[in-house]
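K.L.:
Sharing a model that was predicted from the sequence below.
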Amino acid sequence: MIKFLSSWLIESYPRLPAQQIFLSSCYHGLVDYQKIEDWQKLKELKNLLDLANPPKQLYFQGNWNREIFKNCVAVVGSRKMTDYGERVVEKIIPRLINQNQTVVSGFMYGVDQYAHRVCVDSGGKTIAVLGWGIDKKLTSLDAKLAKDIVDSGGLLLSEWESQEGTLWTFPLRNRIVAALCDEVIVVEAAENSGSLITARAAARLKKTVWAVPGPITSKTSRGTNRLIAEAKAKMWLGEDSMQLSLSPNIDPLLQILENEALTADELARKLKTAVSEIGAKLSLLLISGQIMEKGGKYYLTDAS
Amino acid sequence: MLVKLRSIANLGLETVAVDVEVDVAALGFPGFTIVGLPSKAVEEARERVKTAIVNSKMDFPAKKITVNLAPADLPKDGAAYDLPIALGVLLGSGQLELPDDMDLNKSFFYGELSLDGSLRPTKGILLLGLFAQKVGGANIFVPQASAPEAGVVAGIKVIPVETLHQLVKYLTGQEKLNPLLHAPVKNAYDEQLVEFDLLEIAGQEQAKRALIIAASGGHNLLMWGPPGTGKTMLSRALPGILPPLSPAEALEVTRIYSVAGLLSPGQALVAARPFRSPHHGISAAGMIGGGSNPLPGEVSLAHLGVLFLDEMPEFPRSLIESLRQPMEDGVVEIVRVAGHVRYPASFTLIAAINPCPCGYLGHPRRECKCSDKQIAKYRHRLSGPILDRIDLFVNVSVVETDKLSITGSYQGQKISSREAKNQVIGARQIQKMRFKKENRSLYTNSQMKNSDVKKYGYLTSEAENLLKLAADRFDFSARSYFRLVKVARTIADLSSSEPILPAHMAEALQYRQII
């Protein structure tokens, strides 16, 4: 009898923690996360072994698909994204998807999240490396993005199970972002932005680092401009910048918009036309998809 | 002796006849009682009446005086019963005899007494005049300072009274009082002092155009942009381009202001279209109307005019939501202890918002310090149903400093408030002719129901195709579809075009919902 009891205890005891994990993920109402057993043995993750301090464990959420670890490009940047940064992300991501590349980023608001968002919305695959534990409950917008990433076949990745996002977790996250991908594109970065850490880590791993040049007056482009100036990164230029000028726009309105984005008021002034007339014209161009509007300014839609 | 005089009570904009019955008893312990649900202000009439009579060199009788304000179950408020009570006491105590030819049934007494026996300006005189008009051939005795309010009403005799003593002398035939001459509501419009002329505002051509469209069609407008770009300034310029009130409208507005006691002494009419801009600290009662005897709130004070909400997301969300019903129905219903009150509240809403809490989202030079969550939370304060009721959205962007300088070479299209106003008046005239046949209060394009839009839209087929294309591209709801036609209708009216041309529709698309 005693023997039977003790064997029952030994048998049932190890099950308890597993049950707890199951219960807690149910409580969060999220997709179950899983631990990657012996990630060191997985071929698709061998890049991580190049790190001086590779992660001990790895957890993920989503459907494991080794294909998405091929051709990874990191698109990272400042938390404080400007209009310009938004435009750049919108320009870069579709091209990467077109080249069948996976977008990797850090799931922080600003450039990172916008890169994930644009990627998911344009039907691409994306890997989000979290700067906190995988079991953290996300709030409304973050939770929605996380769900969309998983639903579109992407992954959420973290080296911690339970860990709050703090000052030291984000740089650690950055080294994984850098290791996972072949190229890093820094969209916007202030002088001491975390994305510069990613760039440094990528350079150490001998990956190609790109930086998007920005206005020298913008604080959030100071970091990227410096990367270029100090030859630590290649300057990223839209490849189709040549193509656009090949097909000249006949409409004077489009000609003006080729050079800079303007508001309706500014266009009316430049063309010396009534703003009501310009407004009507802009609506028509918007509908035909030749231009787009953001924050009151009008841009030419990219030829690609 | 028992004396019965007539007066009125205003419950909201509704007027009820009140009989002021004063009994000065021959027997009984001296005292002075007022019954008939008097409020504190009416109760205190005892002290005012007593002192005013004594200071008018007459005697206050040391007898048992009972005053009943009938109907006894209707709550009475205000100091307007001072005059009939004082007169009742004088008549009841035999100090005053009325001339034989005076018909007390057709005489109304209304006014607050001062301790020295003079009459103070009293609110609600216009409503008294309108009520007396229905009685026919009535005389109304009112304080001189407020008498002009009633002067606009035809068919009544308004006798302005300065002091109680003067009224007594008039009633005994010792002094003549000239009735106020009837001053019909003029079509002419008093030139209004406007803070800003459109000419003074640099740039912002599109916002100015949106203001003109809003003023022409009575469309609700939302301006959004960083701080300091002129949203508030633009809205302050709006009163200068609003069309004048028609006589009927002026009377409608004045009634509300008369009840609220907002007419200055001697003012006969509210001649200018109301422009109200409450601060965001306002209470729900202040916005919608309220109080135990409900007074009109800002929405009613903005009736037929403009309600401007600066920094709209700073207003409590519940308060913004409470605007939905008046925006839809044009009236606001308030239920309080004193009863059920309806005030008209047909206003044009002009709102100004920043793009984010710090205000600099999308600013060309300054950096926005808000997180995505903060921005989402800020925008969330404006609910879909409210945004759905706004016809025009316009972005008020940053003006480059070189355009601000007085000597700068900036040569944009300029329009003065006067020119803009003429355009607005023209467009309103077209709308008036169009809706003439409709037998309801339909004045502007924005008030059109969906059935009216189909009836009066006159969309050319090209314009309709354009709208369908746009609906596909921008994902319109059915409501925004009709809203766009209404705006396009106003734009067509501004260019005196009978059908809505594609150009009008295309311009209307510029002001579609952007947040």
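P.N.:
Good, I have the coordinates.

K.L.:
In the stretch 51-200 of chain B, which residue sits nearest chain A?
P.N.:
B:Leu198 (12.8 Å; C-beta to the nearest C-beta). For every residue, glycine as well, the C-beta is placed using N, CA and C.

K.L.:
Pull the number of nearby residues for that residue.
P.N.:
24 (other C-beta atoms under 10 Å in any protein chain shown).

K.L.:
got the phi/psi numbers for the closest residue to it other than its chain neighbours?
P.N.:
Closest residue to B:Leu198 apart from its sequence neighbours, by C-beta to C-beta, 6 or more residues apart in numbering or on different chains: B:Ser417 at 4.8 Å. As for B:Ser417, its main-chain torsions (degrees, to the nearest 10) stand at phi -60, psi -30.

K.L.:
I'd guessed B:Ser326 sits against B:Ile288; true?
P.N.:
One correction, residue B:326 is Pro, not Ser. Yes - judged on C-beta atoms under 8 Å, B:Pro326 makes contact with B:Ile288 at a distance of 7.4 Å.

K.L.:
where do the contact lists of the two overlap?
P.N.:
B:Val299, B:Val332 (C-beta atoms under 8 Å, 6 or more residues apart in numbering or on different chains).

K.L.:
Stretch A:133-152 and chain B, are they touching?
P.N.:
Yes - Stretch A:133-152 reaches chain B (C-beta under 8 Å from any C-beta of the partner chain) through A:Thr139, A:Ser140, A:Leu141.

K.L.:
Could I get the buried residue list for that stretch?
P.N.:
A:133-136, A:138, A:142, A:145-150, A:152 (16 or more other C-beta atoms under 10 Å in any protein chain shown).

K.L.:
That stretch: end-to-end distance?
P.N.:
Stretch A:133-152 stretches 22 Å from its first residue to its last (C-alpha to C-alpha, to the nearest Å).

K.L.:
ok so, going back, among the buried residues of stretch A:133-152, which lie within strands?
P.N.:
Applying DSSP state E to those, no entry is found in strands.

K.L.:
shouldn't the residue of the stretch 51-200 of chain B closest to chain A be in contact with B:Arg236?
P.N.:
No - counting by C-beta under 8 Å, B:Leu198 does not reach B:Arg236; the two are 10.7 Å apart.

K.L.:
C-alpha coordinates for stretch B:220-234, CSV please?
P.N.:
What follows is stretch B:220-234, C-alpha atoms only, in CSV (Å, rounded to 0.1, in the frame of the first residue of the first chain):
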residue,chain,number,x,y,z
ASN,B,220,-20.8,70.4,-39.1
LEU,B,221,-17.0,70.9,-39.5
LEU,B,222,-14.0,69.4,-37.8
MET,B,223,-10.6,71.1,-38.1
TRP,B,224,-7.6,69.3,-37.1
GLY,B,225,-3.9,70.3,-37.0
PRO,B,226,-1.0,71.1,-34.7
PRO,B,227,-1.3,73.9,-32.1
GLY,B,228,-0.9,77.4,-33.3
THR,B,229,-1.9,76.8,-36.9
GLY,B,230,-5.0,79.0,-36.6
LYS,B,231,-7.8,76.7,-35.9
THR,B,232,-9.2,78.9,-33.1
MET,B,233,-8.6,82.0,-35.2
LEU,B,234,-10.4,80.6,-38.1
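
K.L.:
Tell me the buried residues in that stretch?
P.N.:
Here stretch B:220-234 shows B:220-227, B:229-234 as buried, counting by 16+ other C-beta under 10 Å.

K.L.:
got the residues of the stretch 351-500 of chain B near chain A?
P.N.:
B:355, B:361-362, B:365, B:367-369, B:371-373, B:376, B:395, B:397, B:410-413, B:466, B:469-470, B:473, B:491.

K.L.:
buried subset of those residues?
P.N.:
B:355, B:361-362, B:367-368, B:372, B:395, B:397, B:410, B:412, B:466, B:470, B:491.

K.L.:
could you dump the residues you listed to JSON lines with pLDDT and secondary structure?
P.N.:
Shown next, in JSON lines, are these (pLDDT from 0 to 100; DSSP: H, G, I helix; E, B strand; the rest coil):
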{"residue": "B:Pro355", "pLDDT": "88", "secondary structure": "coil"}
{"residue": "B:Leu361", "pLDDT": "82", "secondary structure": "coil"}
{"residue": "B:Gly362", "pLDDT": "75", "secondary structure": "coil"}
{"residue": "B:Glu367", "pLDDT": "77", "secondary structure": "coil"}
{"residue": "B:Cys368", "pLDDT": "80", "secondary structure": "coil"}
{"residue": "B:Asp372", "pLDDT": "79", "secondary structure": "helix"}
{"residue": "B:Asn395", "pLDDT": "89", "secondary structure": "strand"}
{"residue": "B:Ser397", "pLDDT": "84", "secondary structure": "coil"}
{"residue": "B:Tyr410", "pLDDT": "50", "secondary structure": "coil"}
{"residue": "B:Gly412", "pLDDT": "58", "secondary structure": "coil"}
{"residue": "B:Leu466", "pLDDT": "88", "secondary structure": "helix"}
{"residue": "B:Ala470", "pLDDT": "86", "secondary structure": "helix"}
{"residue": "B:Ile491", "pLDDT": "95", "secondary structure": "helix"}
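
K.L.:
Among the residues you listed, list the two that are farthest apart in space.
P.N.:
Greatest spatial distance in those: B:Glu367 and B:Leu466, 38.5 Å, computed using C-beta to C-beta.

K.L.:
rewinding a little: and of the buried residues of stretch A:133-152, the nearest to chain B?
P.N.:
A:Asp142 (8.5 Å).

K.L.:
Can you name the residue of the stretch 51-200 of chain A nearest to chain B?
P.N.:
For the stretch 51-200 of chain A, C-beta to the nearest C-beta, closest residue to chain B: A:Tyr109, 4.7 Å.

K.L.:
Leaving out chain neighbours, which residue sits closest to that residue?
P.N.:
Using C-beta to C-beta, 6+ apart, the closest residue to A:Tyr109 is B:Asp372 (4.7 Å).
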